[in-house]
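> starting from these lines, generate the structure:
(one chain, ligands or ions: 1)
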Amino acid sequence: MKKVRKAVIPAAGFGTRFLPATKAMPKEMLPVVDKPTIQYIVEEAIESGIEEIIIITGKNKRSIEDHFDRSVELEVELEKKEKTELLRLVNSISDMVDIHYIRQKEAKGLGHAIYCARTFVGDEPFAVLLGDDIVHSDDEPALKQLIDCYDEKQATVLGVQTVAKEEVDKYGIIDGYEMSDRVYTVNDLVEKPDVDKAPSNQAILGRYVISPAIFDILAETEPGVGGEIQLTDALKELSKQEDMFAYDFKGKRYDVGNKLGFLQATVEMALRRDELKVDFLAYLKTIVDQERIDVE
Ligand code: UTP
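Prediction:
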């Protein structure tokens with residue numbers, strides 16, 4: 001039985017929906033409360049049992065590498081000031097896991113970004129976590145849920161959730177049927193279908209466990225929607241060659257790469273923090289009450 005040990009986190013997109021913040025900084029470094037988005041994702045991978053991670057970076061990669069590296073000056077300063085708790089926090093980031101980096105020389109699409117990881121992955125099933133999708137789960141981490149499904153099926157598993165019918169044109173959508181609790185067989189996939197042509201409203205949301213056979217397919221995949229090499233197009237081809245499943249994972253997913261998603265993540269994550277919850281909620285209430293008065 002093959003085990004999922006490696007994860008690929010693509011973080012080389014332009015992040016145009018978040019300009020100007022993303023002009024000189026990758027959107028994966030946007031902080032949600034006090035942690036960069038990509039740290040939430042790395043933590044999810046580790047909590048799911050992943051042993052090695054590769055981050056696909058683009059032209060503004062420095063801050064991501066620095067974030068997961070040691071910062072000796074900062075450590076010395078914190079030690080001097082006896083800020084032990086902060087020192088522990090800073091050290092815990094650089095001690096997390098072995099992280100590798102590879103640069104996608106041109107942002108030719110998500111499919112191309114994944115293809116850049118082929119040598120790192122080799123002939124093993126691997127996980128993909130999109131660098132701008134945070135999933136909060138009170139149960140098992142989202143990726144762990146997919147890996148458990150992979151362990152049972154020994155085939156590609158796509159993380160999906162139900163989206164509103166009028167939203168299907170923003171996502172990759174599966175054509176399949178629910179064969180058991182939360183598990184779908186995937187017969188076909190389509191990237192950003194027209195609302196009236198979508199085969200379902202099960203959308204692929206930033207988490208995957210993929211068979212290594214995808215790399216030979218990606219090598220041949222032509223640019224699709226938006227002129228980009230689409231992972232969904234390659235997965236569609238893979239679904240013709242091998243079994244494929246989708247898993248309706250539990251958890252609240254935030255698309256941090258768009259402004260509304262980022263704001264929702266920030267508010268909800270802050271409300272989950274013990275040290276912020278009471279004061280922040282009280283503040284939000286005053287804002288909502290004020291809005292109500294303004295509207296009336
Ligand atoms: P998105 O489509 O959300 O990223 O890709 P984008 O292109 O940066 O976004 P906008 O539309 O311009 O705002 C999903 C994930 O895939 C990565 C992104 O960094 C993001 O984590 N990606 C995308 C790459 O690594 N390379 C690419 O060529 C495209």
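> so what's Val32 up against?
Tyr40, Ile134, Tyr254, Val256, Phe262, Ala265, Thr266, Met269 (CB atoms under 8 Å, 6 or more residues apart in numbering). Quick note: C-beta positions are derived from backbone N, CA and C, even for glycine.
> do you know how far the spatially closest residue to Ala24 that is not a sequence neighbour is from Ile102?
Of all residues not flanking Ala24 in the chain, Asn60 sits nearest, at 6.0 Å (CB to CB, 6 or more residues apart in numbering). Distance of Asn60 to Ile102, computed by CB to CB, to the nearest Å: 15 Å.
> centre of the chain to the longest helix along the chain, how far?
Using DSSP state H to define each element, the chain has its longest helix at helix 274-295. How far helix 274-295 lies from its chain's middle: 30 Å, per CA atoms, centre = their mean, to the nearest Å.
> what does that helix rub up against?
Contacts of helix 274-295 (CB under 8 Å, 6+ apart): Val33, Val267, Ala270, Leu271.
> please export the C-alpha coordinates of that helix as CSV.
Output in CSV follows, covering the C-alpha atoms of helix 274-295 (Å, rounded to 0.1, in the frame of the first residue of the first chain):
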residue,chain,number,x,y,z
ASP,A,274,-9.3,33.1,23.2
GLU,A,275,-7.3,36.3,23.7
LEU,A,276,-9.3,38.3,21.1
LYS,A,277,-12.7,36.8,21.1
VAL,A,278,-14.5,38.8,23.8
ASP,A,279,-13.1,42.3,22.9
PHE,A,280,-13.4,41.7,19.2
LEU,A,281,-16.9,40.5,19.3
ALA,A,282,-17.9,43.5,21.4
TYR,A,283,-16.3,45.8,18.9
LEU,A,284,-18.1,44.0,16.0
LYS,A,285,-21.4,44.5,17.8
THR,A,286,-20.9,48.2,18.1
ILE,A,287,-20.1,48.4,14.3
VAL,A,288,-23.2,46.4,13.4
ASP,A,289,-25.4,48.5,15.7
GLN,A,290,-24.0,51.6,14.2
GLU,A,291,-24.6,50.3,10.6
ARG,A,292,-28.2,49.5,11.6
ILE,A,293,-28.7,53.1,12.8
ASP,A,294,-27.1,54.5,9.6
VAL,A,295,-29.4,52.3,7.4
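> how about whatever residue of the stretch 151-296 of the chain ends up closest to the ligand, secondary structure?
Nearest residue of the stretch 151-296 of the chain to the ligand: Gly257, at 4.6 Å (CB to the nearest ligand atom). Secondary structure for Gly257, judged by DSSP: H, G, I helix; E, B strand; the rest coil, is coil.
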